[in-house]
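**Q** Got a sequence here, can you build the structure:
(2 chains)
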Amino acid sequence: DAGVIQSPRHEVTEMGQEVTLRCKPISGHDYLFWYRQTMMRGLELLIYFNNNVPIDDSGMPEDRFSAKMPNASFSTLKIQPSEPRDSAVYFCASSFFAGEINEQFFGPGTRLTVL
Amino acid sequence: AQTVTQSQPEMSVQEAETVTLSCTYDTSESNYYLFWYKQPPSRQMILVIRQEAYKQQNATENRFSVNFQKAAKSFSLKISDSQLGDTAMYFCAFSPSWGKLQFGAGTQVVVTP
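**A** Model prediction:
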């Protein structure tokens, strides 16, 4: 298995531009999570999906952020318009529930820099 | 709301020695899961060890073991026979039964020759 795949690995953009981060979870996993990692705030859960349905988006910082999961093998996190304070590493993780909570497998992350 | 506290920002240990990382958490849940994740300079998040709260026996994975004290809400990680490749940021994480991970601030472990 290829693991969780994220693209791009690095993204540099200018303030005001739209940014789209992509994630392909591990096949068969029914949970998908988006996290953000910054020096100031550490690792924060932004949103998570179960069977492609958003379950909890309370961590999404503001309306500029949106996430979708159109099918079991693809999810996007979009920032529009982007701001310098959005600069962070964004991780996608996937997991499956088999009667109890299982390990979340993380992707390699996308390092976003907003100038 | 749950909180996870790692009080040691950085720990240094020599090769072959043992280091213990502390983690405390606060929750009103009776059933939950605890994890230690490792993040090396490559920034990949790697699961080191997990513990189910309903299990009394402490989890062990090769050189990594935990001391889980449920009443004290403490979950420490012991790394035995430290190796240079253990140099990384270590995160303690808490997950209630519905699957959200709450991370601590992390402890940077530096293994020196």
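**Q** contacts and neighbour counts: CA atoms only from here.
**A** Will do.
**Q** Can you give me the distance of the single nearest residue of chain B relative to chain A to A:T113?
**A** For chain B, the residue closest to chain A is B:Q44, as judged by C-alpha to the nearest C-alpha, at 5.2 Å. Distance of B:Q44 to A:T113, computed by C-alpha to C-alpha, to the nearest Å: 18 Å.
**Q** what do you get for A:G3?
**A** Counting by C-alpha to C-alpha, the gap from A:G3 to A:T113 is 25 Å.
**Q** A:Q6 now?
**A** 16 Å.
**Q** neighbour count winner among these two?
**A** Higher neighbour count among A:Q6 and A:T113: A:Q6, with 23 against 19, using other C-alpha atoms under 10 Å in any protein chain shown.
**Q** Just list whatever residues bridge to the residue nearest the centre of chain B.
**A** Nearest to the centroid of the C-alpha atoms of chain B, with distances taken as C-alpha atoms, centre = their mean, sits B:W36, at 3.4 Å. Beta-bridge pairing of B:W36 under DSSP bridges involves B:I49, B:C92.
**Q** Could you list the low-pLDDT ranges of chain B?
**A** Counting by pLDDT under 70, chain B shows low-confidence ranges at B:1, B:97-99.
**Q** now the end-to-end length of stretch B:58-78.
**A** The stretch stretch B:58-78 measures 11 Å between its terminal residues, going by C-alpha to C-alpha.
**Q** picking that back up, so the residue of chain B closest to chain A, which of the three states?
**A** Classification of B:Q44 using DSSP: H, G, I helix; E, B strand; the rest coil returns coil.
**Q** who touches it in this structure?
**A** By C-alpha atoms under 8 Å, 6 or more residues apart in numbering or on different chains, the contact set of B:Q44 is A:F106, A:G107, A:P108, A:G109.
**Q** Next: A:F49.
**A** By C-alpha under 8 Å, 6+ apart, A:F49 lies in contact with A:D30, A:Y31, A:L32, A:F33, A:I55, A:D56, A:M69.
**Q** State the pair within those that is farthest apart.
**A** A:D30 and A:D56 (14.5 Å; C-alpha to C-alpha).
**Q** where does chain A come near chain B, residue by residue?
**A** Counting by C-alpha under 8 Å from any C-alpha of the partner chain, the residues of chain A close to chain B are A:G42, A:L43, A:E44, A:L45, A:E100, A:I101, A:E103, A:F105, A:F106, A:G107, A:P108, A:G109.
**Q** I'm done for today, thanks for sticking with me.
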